[in-house]
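J.: sequence-free structure coming up:
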(Lines give C-alpha, C1' and ligand atoms only; values in the text may rest on other atoms or scores of the structure.)
Protein backbone atom coordinates (compact mmCIF):
# COMPACT_ATOMS: atom_id res chain seq x y z
CA UNK A 1 0.00 0.00 0.00
CA UNK A 2 1.41 3.37 -0.96
CA UNK A 3 0.99 6.46 1.17
CA UNK A 4 -0.50 9.77 0.16
CA UNK A 5 1.75 11.97 -1.91
CA UNK A 6 2.89 15.47 -0.99
CA UNK A 7 3.84 18.37 -3.23
CA UNK A 8 6.70 20.85 -3.12
CA UNK A 9 8.59 23.32 -5.26
CA UNK A 10 12.33 22.90 -5.12
CA UNK A 11 15.78 23.23 -6.61
CA UNK A 12 17.86 20.17 -7.38
CA UNK A 13 21.00 20.57 -5.25
CA UNK A 14 22.60 17.22 -5.98
CA UNK A 15 22.21 14.00 -7.89
CA UNK A 16 23.78 10.58 -7.54
CA UNK A 17 23.27 7.52 -9.72
CA UNK A 18 21.51 4.60 -8.10
CA UNK A 19 21.72 1.26 -9.86
CA UNK A 20 21.59 1.26 -13.64
CA UNK A 21 18.74 3.71 -14.18
CA UNK A 22 17.87 5.39 -10.89
CA UNK A 23 18.89 8.70 -9.37
CA UNK A 24 19.05 9.94 -5.81
CA UNK A 25 18.15 13.63 -5.89
CA UNK A 26 18.81 16.17 -3.15
CA UNK A 27 16.36 19.09 -3.09
CA UNK A 28 15.96 22.45 -1.39
CA UNK A 29 12.33 23.39 -0.81
CA UNK A 30 10.81 26.15 1.32
CA UNK A 31 8.41 23.97 3.33
CA UNK A 32 9.95 20.48 3.32
CA UNK A 33 13.44 21.97 3.62
CA UNK A 34 16.34 19.86 2.43
CA UNK A 35 15.10 16.51 1.30
CA UNK A 36 16.20 13.47 -0.67
CA UNK A 37 14.15 11.51 -3.19
CA UNK A 38 14.67 8.34 -5.18
CA UNK A 39 13.78 8.72 -8.86
CA UNK A 40 13.47 5.19 -10.18
CA UNK A 41 14.17 4.88 -13.90
CA UNK A 42 15.21 8.53 -14.19
CA UNK A 43 18.22 7.70 -16.40
CA UNK A 44 16.17 5.82 -18.98
CA UNK A 45 15.89 7.76 -22.26
CA UNK A 46 12.09 7.81 -22.10
CA UNK A 47 11.68 7.99 -18.34
CA UNK A 48 8.22 8.37 -16.86
CA UNK A 49 9.13 11.81 -15.49
CA UNK A 50 9.59 13.24 -18.99
CA UNK A 51 12.61 15.17 -17.75
CA UNK A 52 16.38 14.93 -17.69
CA UNK A 53 17.35 15.99 -14.18
CA UNK A 54 20.11 18.59 -13.92
CA UNK A 55 21.52 20.64 -11.08
CA UNK A 56 19.74 23.84 -10.06
CA UNK A 57 16.59 23.14 -12.07
CA UNK A 58 13.53 24.52 -10.32
CA UNK A 59 10.76 21.93 -10.32
CA UNK A 60 7.33 21.17 -8.93
CA UNK A 61 7.50 17.70 -7.46
CA UNK A 62 5.20 15.14 -5.96
CA UNK A 63 6.70 12.59 -3.66
CA UNK A 64 5.62 9.81 -1.35
CA UNK A 65 7.08 10.45 2.11
CA UNK A 66 9.28 7.71 3.52
CA UNK A 67 7.74 5.65 6.29
CA UNK A 68 11.17 5.32 7.86
CA UNK A 69 14.30 7.29 7.13
CA UNK A 70 14.80 10.28 4.89
CA UNK A 71 14.62 8.79 1.39
CA UNK A 72 11.30 9.75 -0.18
CA UNK A 73 10.02 8.33 -3.46
CA UNK A 74 9.66 10.77 -6.34
CA UNK A 75 6.29 10.27 -7.97
CA UNK A 76 5.98 13.13 -10.47
CA UNK A 77 8.00 16.17 -11.43
CA UNK A 78 7.38 19.19 -13.62
CA UNK A 79 10.13 21.53 -14.75
CA UNK A 80 9.40 25.13 -13.80
CA UNK A 81 12.68 26.79 -14.85
CA UNK A 82 15.95 25.22 -16.07
CA UNK A 83 18.03 28.42 -15.67
CA UNK A 84 20.08 27.61 -18.75
CA UNK A 85 22.21 30.75 -18.31
CA UNK A 86 23.88 29.12 -15.31
CA UNK A 87 25.80 26.79 -17.62
CA UNK A 88 27.67 29.53 -19.50
CA UNK A 89 30.55 29.91 -17.00
CA UNK A 90 32.37 27.40 -14.82
CA UNK A 91 32.65 29.95 -11.98
CA UNK A 92 28.87 30.25 -11.87
CA UNK A 93 28.46 26.53 -11.26
CA UNK A 94 31.25 26.56 -8.65
CA UNK A 95 29.48 29.41 -6.87
CA UNK A 96 26.17 27.56 -6.75
CA UNK A 97 27.91 24.37 -5.65
CA UNK A 98 29.39 26.31 -2.73
CA UNK A 99 26.07 27.99 -1.87
CA UNK A 100 24.32 24.59 -1.86
CA UNK A 101 27.08 23.08 0.31
CA UNK A 102 26.86 26.01 2.72
CA UNK A 103 23.10 25.58 3.08
CA UNK A 104 23.59 21.86 3.68
CA UNK A 105 26.29 22.56 6.30
CA UNK A 106 24.18 25.10 8.19
CA UNK A 107 20.77 23.40 8.15
CA UNK A 108 19.07 20.18 9.16
CA UNK A 109 17.16 18.03 6.71
CA UNK A 110 13.36 17.88 6.80
CA UNK A 111 13.09 21.32 8.43
CA UNK A 112 11.23 24.18 6.74
CA UNK A 113 13.75 26.61 5.22
CA UNK A 114 11.78 29.42 3.55
CA UNK A 115 14.50 32.05 4.07
CA UNK A 116 17.29 29.78 2.82
CA UNK A 117 15.16 28.84 -0.18
CA UNK A 118 14.45 32.50 -0.99
CA UNK A 119 18.12 33.44 -0.69
CA UNK A 120 19.19 30.55 -2.91
CA UNK A 121 16.45 31.40 -5.44
CA UNK A 122 17.66 35.00 -5.60
CA UNK A 123 21.25 33.83 -6.13
CA UNK A 124 20.21 31.42 -8.90
CA UNK A 125 18.11 34.10 -10.58
CA UNK A 126 20.98 36.62 -10.42
CA UNK A 127 23.62 34.16 -11.63
CA UNK A 128 21.39 33.14 -14.53
CA UNK A 129 22.19 36.52 -16.14
CA UNK A 130 25.30 37.79 -14.31
CA UNK A 131 28.80 36.53 -13.58
CA UNK A 132 29.84 35.32 -10.15
CA UNK A 133 31.88 37.75 -8.05
CA UNK A 134 33.56 37.84 -4.67
CA UNK A 135 31.03 40.51 -3.60
CA UNK A 136 28.15 38.12 -4.35
CA UNK A 137 29.79 35.36 -2.31
CA UNK A 138 30.35 37.73 0.62
CA UNK A 139 26.73 38.93 0.52
CA UNK A 140 25.41 35.38 0.40
CA UNK A 141 27.56 34.37 3.38
CA UNK A 142 26.46 37.43 5.38
CA UNK A 143 22.79 36.74 4.65
CA UNK A 144 23.24 33.12 5.75
CA UNK A 145 24.68 34.33 9.06
CA UNK A 146 21.71 36.67 9.55
CA UNK A 147 19.13 34.02 8.60
CA UNK A 148 20.58 31.60 11.14
CA UNK A 149 21.02 34.18 13.91
CA UNK A 150 24.82 34.00 13.85
CA UNK A 151 25.63 37.54 12.79
CA UNK A 152 24.34 40.90 11.75
CA UNK A 153 24.08 42.41 8.32
CA UNK A 154 27.39 44.23 8.84
CA UNK A 155 30.53 42.64 7.49
CA UNK A 156 31.06 40.07 10.22
CA UNK A 157 34.10 37.87 9.65
CA UNK A 158 32.34 34.88 8.13
CA UNK A 159 35.05 32.32 8.87
CA UNK A 160 35.46 33.49 12.46
CA UNK A 161 31.72 33.25 13.10
CA UNK A 162 31.46 29.81 11.50
CA UNK A 163 34.40 28.47 13.49
CA UNK A 164 33.14 30.03 16.73
CA UNK A 165 29.90 28.09 16.31
CA UNK A 166 31.76 24.88 15.36
CA UNK A 167 30.18 24.72 11.94
CA UNK A 168 31.77 23.09 8.94
CA UNK A 169 33.18 25.38 6.21
CA UNK A 170 32.49 23.66 2.88
CA UNK A 171 35.67 22.70 1.04
CA UNK A 172 34.29 24.32 -2.12
CA UNK A 173 34.86 27.78 -0.61
CA UNK A 174 38.65 27.83 -0.99
CA UNK A 175 38.54 26.67 -4.61
CA UNK A 176 35.79 29.16 -5.47
CA UNK A 177 37.66 32.08 -3.92
CA UNK A 178 40.81 31.13 -5.88
CA UNK A 179 38.82 30.95 -9.12
CA UNK A 180 37.12 34.30 -8.51
CA UNK A 181 40.41 36.04 -7.74
CA UNK A 182 41.96 35.01 -11.08
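T.: Yep, it's here. Being a predicted model, the structure only gives us computed values, none of them experimental. Residues are numbered from 1 along each chain as shown.
J.: how far out from the middle of the chain is the top helix by length along the chain?
T.: Assignment by DSSP state H gives helix 90-106 as the longest helix of the chain. Here helix 90-106 shows a centroid-to-chain-centroid distance of 8 Å under the convention C-alpha atoms, centre = their mean, to the nearest Å.
J.: quick one: low-confidence ranges for the chain?
T.: 1-3, 50, 153-156 (pLDDT under 70).
J.: run through who's touching the longest helix of the chain.
T.: Residues from elsewhere that reach helix 90-106, judged by C-beta atoms under 8 Å, 6 or more residues apart in numbering: 13-14, 26, 28, 34, 55-56, 86-87, 113, 116, 120, 123-124, 127, 131-132, 136-137, 140-141, 144, 148, 167-173, 175-176, 179-180. Quick note: C-beta positions are derived from backbone N, CA and C, even for glycine.
J.: at 7 Å what do you get?
T.: Residues outside helix 90-106 that contact it (C-beta atoms under 7 Å, 6 or more residues apart in numbering) are 13, 28, 34, 56, 86, 116, 120, 123-124, 127, 131-132, 137, 140, 144, 148, 167-168, 170, 172-173, 175-176, 179-180.
J.: buried residues in that helix, which are they?
T.: 91-104, 106 (16 or more other C-beta atoms under 10 Å).
J.: over to stretch 118-137?
T.: By neighbour count, with 16+ other C-beta under 10 Å as the criterion, the buried positions of stretch 118-137 are 119-121, 123-124, 127-128, 132, 136-137.
J.: which one of those is nearest residue 42?
T.: The shortest approach to residue 42 among those belongs to residue 124, at 21.5 Å (C-beta to C-beta).
J.: and that closest one, what element?
T.: helix 114-127 (DSSP states H and E).
J.: over to residue 76?
T.: Going by DSSP H and E, residue 76 is part of strand 71-81.
J.: pull up the pairing partners for that strand, direction included.
T.: Here strand 71-81 has these sheet partners by DSSP bridges: strand 33-39 (parallel), strand 58-64 (antiparallel).
J.: might you report the residue contacts of residue 152?
T.: Residue 152 neighbours (C-beta under 7 Å, 6+ apart): residue 146.
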